[in-house]
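**Student:** this one's sequence-less:
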């Protein structure tokens, strides 16, 4: 039994689209063995890698200790890379990319935990915007078992949040207000009304809040509701955790914050009309996360809806990322600097999708420094502090620093005695950082209306807001004059932000596209210089939709572009400037292309029986081929493959081959090769015959002749004495005469076949002499498995020969160099039967050659181990030796991993044939049960092929010929095909290069590659 250690893991999932091997990461827990008692040195087990109990937070441990069963979160380690989203200029494509990427990562990493929860009947909710599962009323045992999953990062308790209670206004809060009608003091303080005068009110921008809800019937808000006037007004526009579908507010807080963002006119206490909304021309949608106390799940569900809104009233709601808002305000939080990571994950996803999020920094300023609450205190949150009309910081405005010493708040906005809307058509004054944050959210809506090149560019917008905020020097909680933990960057000024944005704006030009508008013909995007000078990135589009991977200034249309109109979006950037995109006009429809074709060549020795190959040469990549071979210009019946082996019928004739090329989107083409030389006579491969028996007077010798290639030859024999023909000795046996004593006997075999050169081969000589009284056939001992050593026992001889010579055979063919008394089976012996001959030598005695009985067919290596979902195998000579292993997984999804004592070193997942190398430095390895049995890999166990299956790993030069290969594209429509070249088989370090294709493609096997993997498409050699 191999030493192994309990894994207790669920299956790992492939988390990336291009690579077939996983990158080592501290965030991915290694398989967990059952922990050993302190001081144990059990050699059958590995030291503990990650105990599931170590994944429990202190809060989770307290929750289980208090309640026995409790609700808890499983948080998963996988965090997909969303950085590519920033380069996607289309609003709809960007949101869709973020949603699909997050959803795929969550489904892949959570699938085994979900399966276990389903099997146990436990109630749970899976989330994708933060990769986590909420388990309801679960036991400690269940949590521990789930935590053993390698993908689970930690177990956390549930958390509750609250909308910060607005600070009760006092008479002192109501500072002298202007008598004339106009905006509230907060709107005026940030100069929003100056942007209105310039014609910018937030038109075209959608804002949202996660709050207590919004009264959609309020006269100052109803007209700005995105659903106003629609047949189904609340579909995709309103979400509520209480399930009520119409816009409503259980508290009033959310209606007030929404009014500050987009509200119209209300009356103040003096009956004067006041414009309360910073961006009254913007539209609003909302997520009602709860009332006075919210659970983290309420907020996560709301956050996911913001990313991908859906119709809550539909039987089967379908998320639509195109309906996500541009800006979201969050006037809620905990009263402490929580380390809860969930909203941090969601805020990062919002930013990746181009959504600007604002957070209230909290109302605990009276507690002094470090009073900022989560999630405002988190590094990636844009937190807002509050100040009064007098210009002083509000006494309640929470101070920083925040997470990891980050300056908090980020900026300050009006938050004292703020007039805004309340449910029932009312209005009133509230104060708090809850009232300050929506001033910033509304300012972003204004700025994005006025400077559309900023839409979706969260970091640039933050930089402009920060750079134009009015500094206030208060370093009482740390920081600097221009960025401190009381004011952040200072007082918000949206007019100054707009002016800076204008200064940072390019004078642009529209790119043009030149070239032939047909499949296969390169198109070039040209951009006239911008002011100031910009560097450009490119994104080509098909009928307006982004073409994946088409990001250079040139693009070659493929079959998917046939009949489509193409355009290119150019994004310019420069230091100090706002990245800006412009899109060309669309091209005419792309027409059918013309294949690039070249004259094929015939490779190989042109003679009967020798395999020839039709090398296509340089054609349009991805071209698929059929073949037709000719002899002296006449079609050879049935000769329609990449290879052709001439027969005697083609002897003396010249050969040609016509290649027919086709590829979707192109006109088909064909090319005829040049003629070969005349087909020469073939060469027969024939091993030396062997004389079997005792060369003593009266005994009969027989001939053993290895099979010839080709095998269907005629054969004749000729026996000779000292090199002279023996009259009439032309059969396969010969009886020894006494007068031949002391002379040498040989036999020649002559093999013939039409179209081939006659071949004659002669045996080694047998000397005629005295007879042994006893001579035995040799016997073979040992395991008949590749890699095992066989030994020969020569048996009983009398008298004892002076010496012996040996020769080993595989299926009757002499094994070159195998002439000792032992033989180690090679991969090329797999499936064959082994024999050995023993030849005796003693002066005065006749030569005797005895041959053993054949073994059974040689089996695969005995160095093997089985995949097991519950165990990892230790690496070592007594368990899993360090070497290369192979398995035939078939259609099953097979995973394997290499482990150090505390980390995952490499990982792979796939179906078909799998190969990987275990290193001496590895501590343990694991593989899933459905992989089957891993066997030590030996070259030569299969016939080298010129094509692949749709999935699998191949050793080049052994399983697969080197050369040029082509694929038709993915085997399943709508998917992609991934391929990898390896310089070694031991993991990510062994990857030489990788690629991903979604249509027909051509590749050349690099000379430095030792292996090739395909996932999702099959390949055939064409050159």
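**Tutor:** Here it is on my side, so go on. Note that the structure is a prediction, hence the values are computed from the model and not measured.

**Student:** and the closest residue to residue 452 other than its chain neighbours, how many neighbours?
**Tutor:** Sequence neighbours aside, residue 204 is the residue nearest to residue 452 in space, at 7.8 Å (criterion: C-beta to C-beta, 6 or more residues apart in numbering). In this view, the C-beta of every residue, glycine as well, is placed from N, C-alpha and C. When counting by other C-beta atoms under 10 Å, one arrives at 14 neighbours for residue 204.

**Student:** Doesn't residue 204 belong to a helix?
**Tutor:** No: according to DSSP: H, G, I helix; E, B strand; the rest coil, the state of residue 204 is coil, so it is not within a helix.

**Student:** OK, contacts around it?
**Tutor:** Residue 204 makes contacts with 282, 449, 452, as judged by C-beta atoms under 8 Å, 6 or more residues apart in numbering.

**Student:** switch to 10 Å and redo it
**Tutor:** Residues in contact with residue 204, defined by C-beta atoms under 10 Å, 6 or more residues apart in numbering, are 281, 282, 283, 326, 445, 448, 449, 452, 455.

**Student:** try residue 327
**Tutor:** Taking C-beta under 10 Å, 6+ apart as the definition, contacts of residue 327 comprise 202, 205-209, 261-262, 279, 282, 284, 350, 355-358, 438, 440-445, 447-448, 458, 461.

**Student:** Per-residue pLDDT of it, please?
**Tutor:** Looking at residue 327, its pLDDT reads 98.

**Student:** Against residue 411, how distant is it?
**Tutor:** 14 Å (C-beta to C-beta, to the nearest Å).

**Student:** what about the stretch 201-350 of the chain, any weak spots by pLDDT?
**Tutor:** Judged against pLDDT under 70, the low-scoring parts of the stretch 201-350 of the chain cover residues 291-293, 335-339.

**Student:** For this structure, name the helix or strand with the lowest mean pLDDT.
**Tutor:** strand 21-22 (a mean of 24; mean pLDDT, DSSP states H and E).

**Student:** Show the average pLDDT along the following helix or strand past that one.
**Tutor:** If you walk from strand 21-22 toward the C-terminus, the next helix or strand you reach (DSSP states H and E) is helix 58-67. Mean per-residue pLDDT for helix 58-67: 88.

**Student:** any idea which helix or strand comes after helix 58-67?
**Tutor:** Once the chain leaves helix 58-67, the next helix or strand it forms, by DSSP H and E, is strand 69-76.

**Student:** Next, the buried residues of that following strand.
**Tutor:** By neighbour count with 16 or more other C-beta atoms under 10 Å, strand 69-76 contains the buried residues 70, 71, 72, 73, 74, 75, 76.

**Student:** correct me, but the third one touches residue 157?
**Tutor:** Yes: contact between residue 72 and residue 157 holds when scored by C-beta atoms under 10 Å: they sit 6.0 Å apart.

**Student:** Now for those two: what residues contact both?
**Tutor:** In the contact map built from C-beta under 10 Å, 6+ apart, the residues linked to both residue 72 and residue 157 are 56, 57, 59, 60, 63, 64.

**Student:** Centroid-wise, who is the farthest residue in this protein?
**Tutor:** Relative to the centre of the chain, and counting by C-alpha atoms, centre = their mean, the farthest-placed residue is residue 739 at 80.6 Å.

**Student:** So residue 747 belongs to a strand, correct?
**Tutor:** Yes: residue state for residue 747 (three-state DSSP) corresponds to a strand.

**Student:** How much space separates it from residue 727?
**Tutor:** For residue 747, the distance to residue 727 under the criterion C-beta to C-beta works out to 15 Å.

**Student:** Could you do residue 316 as well?
**Tutor:** As defined by C-beta to C-beta, residue 316 lies at a distance of 96 Å from residue 727.

**Student:** Repeat that for residue 855.
**Tutor:** From residue 855 over to residue 727 the distance is 40 Å, taken as C-beta to C-beta.

**Student:** neighbour count winner among the two?
**Tutor:** Regarding residue 855 and residue 727, a neighbour count based on other C-beta under 10 Å identifies residue 855 as having more, with 20 against 7.

**Student:** the inter-axis angle of the longest helix anywhere in the chain versus strand 69-76?
**Tutor:** In the chain, ranked by residue count with DSSP state H as the criterion, the top helix is helix 91-120. Between the axes of helix 91-120 and strand 69-76, defined by axes from the mean of the first three to the mean of the last three C-alpha atoms, to 10 degrees, the angle is 130 degrees.

**Student:** Could you tell me the end-to-end distance of stretch 301-318?
**Tutor:** Using C-alpha to C-alpha, to the nearest Å, the end-to-end distance of stretch 301-318 comes to 15 Å.

**Student:** Now that stretch: buried residues?
**Tutor:** Residues of stretch 301-318 classed as buried under the neighbour-count rule (16+ other C-beta under 10 Å) are 301, 302, 303, 304, 305, 306, 307, 308, 309, 310, 311, 312.

**Student:** And the strand or helix carrying residue 210, what does it pack against?
**Tutor:** Taking DSSP H and E as the definition, residue 210 sits inside strand 206-211. Contacting strand 206-211 under the criterion 3 or more C-beta pairs under 10 Å, 6 or more residues apart in numbering; DSSP states H and E are the following elements: strand 238-240, helix 253-262, strand 283-288, helix 296-307, strand 327-330, strand 356-360, helix 433-450.

**Student:** any chance of the buried residues of stretch 301-318 in TSV, with distance to residue 557 too?
**Tutor:** Shown next, in TSV, are the buried residues of stretch 301-318 (distance: C-beta to C-beta, whole Å):
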residue	distance to residue 557
301	43
302	43
303	40
304	38
305	39
306	37
307	33
308	32
309	35
310	36
311	38
312	42
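
**Student:** Just flag the most distant two among those residues.
**Tutor:** Using C-beta to C-beta, the two most remote members of the buried residues of stretch 301-318 are 303 and 311, lying 17.8 Å apart.

**Student:** Run through the helices of the stretch 701-850 of the chain in chain order.
**Tutor:** The residue ranges that make up helices in the stretch 701-850 of the chain, judged by DSSP state H, counting those that start in this stretch, are empty, as it has none.

**Student:** same deal with the stretch 451-600 of the chain?
**Tutor:** Listed in chain order (using DSSP H, counting those that start in this stretch), the helices of the stretch 451-600 of the chain are 458-468, 494-503.

**Student:** To residue 523, which of those lies closest?
**Tutor:** helix 458-468 (30.2 Å).

**Student:** residue ranges of the strands in the stretch 501-650 of the chain, please?
**Tutor:** Taking DSSP state E, counting those that start in this stretch as the test, the strands found in the stretch 501-650 of the chain are 512-515, 523-526, 535-542, 545-546, 554-555, 566-573, 580-583, 593-594, 601-603, 612-615, 624-631, 634-635, 643-644.

**Student:** quick one: which of those strands is nearest residue 402?
**Tutor:** When these are compared for distance to residue 402 using C-beta to C-beta, the nearest one is strand 566-573, at 29.9 Å.

**Student:** From the shared contacts of residue 72 and residue 157, list the buried ones, please.
**Tutor:** Applying a neighbour-count criterion of 16+ other C-beta under 10 Å, the buried members of the shared contacts of residue 72 and residue 157 are 56, 57, 59, 60, 63, 64.

**Student:** With residue 620 as the reference, name the closest of the helices of the stretch 451-600 of the chain.
**Tutor:** With respect to residue 620, and counting by C-beta to C-beta, the nearest of those is helix 458-468 at 41.8 Å.

**Student:** What helices and strands are in contact with that closest one?
**Tutor:** Identification of packing neighbours for helix 458-468 by 3+ C-beta pairs under 10 Å, 6+ apart yields helix 342-352, strand 356-360, strand 411-414, helix 433-450, helix 494-503.
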